[in-house]
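**Q** everything below, folded, please.
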Amino acid sequence: MDVGKLIAVIGDEDTVTGFLLAGVGHRTADATNFLIVKADTKLVEVEEAFTKFSQRDDIGIILITQHVANDIRHVLKDYNQTIPTVLEIPSKEHPYDPEQDYIMQRVNMFLGGQG
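**A** Model (predicted):
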């Protein structure tokens, strides 16, 4: 039986908890598909989680809150895979700004818009 791919989530506690309550969470003995980023979470932990999620065959989409994405923008700019697809999302405390979203900047460039 062919099984679908998972959605990984990286973000603040409220955002990740919301997705977990919606059924997105998946945990095995040695891995999960989410990372809750708190004020004391080290930047290297976020970078490592993104890298691990992006290399897993069972993940099709990585959702990352935009304020966390801004912290690892240097990693995201070097990411060029189609799957897993990386989508930046807003959080309760930080609204979404399409000007900061690298994917939206690339879309605008391809469509001849400014950005």
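
**Q** how about Gly4, secondary structure?
**A** Following DSSP: H, G, I helix; E, B strand; the rest coil, the label given to Gly4 is coil.

**Q** and it, what's its pLDDT?
**A** If you check Gly4, the pLDDT there is 83.

**Q** residues contacting it?
**A** Contact analysis of Gly4 by CB atoms under 8 Å, 6 or more residues apart in numbering lists Gly60. Backbone N, C-alpha and C define where each C-beta goes, glycine included.

**Q** same thing with Asp71?
**A** Asp71 sits in contact with Leu43, Val46, where contact means CB under 8 Å, 6+ apart.

**Q** again, only this time at 6 Å
**A** By CB atoms under 6 Å, 6 or more residues apart in numbering, Asp71 lies in contact with nothing.

**Q** so that it lines up with my notes, have the first residue be 192 from now on.
**A** Sure, I'll start counting at 192 from here, so that last one is Asp262.

**Q** what ranges in this structure fall below the confidence cut-off?
**A** Within the chain, the stretches with pLDDT under 70 are 192-193, 294, 296-297, 304-306.

**Q** change it to 90
**A** Residues of the chain that meet the criterion pLDDT under 90 lie in 192-196, 215-222, 264, 267-273, 281-306.

**Q** ranges for the strands of it?
**A** Under the criterion DSSP state E, the chain contains strands at 197-202, 225-227, 250-256, 276-280.

**Q** dump those strands to a markdown table, plus distance to Phe301.
**A** Listed next are the strands of the chain as a markdown table, based on distance: least, CB to CB, whole Å:
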| stretch | distance to Phe301 |
| --- | --- |
| strand 197-202 | 25 |
| strand 225-227 | 30 |
| strand 250-256 | 21 |
| strand 276-280 | 16 |
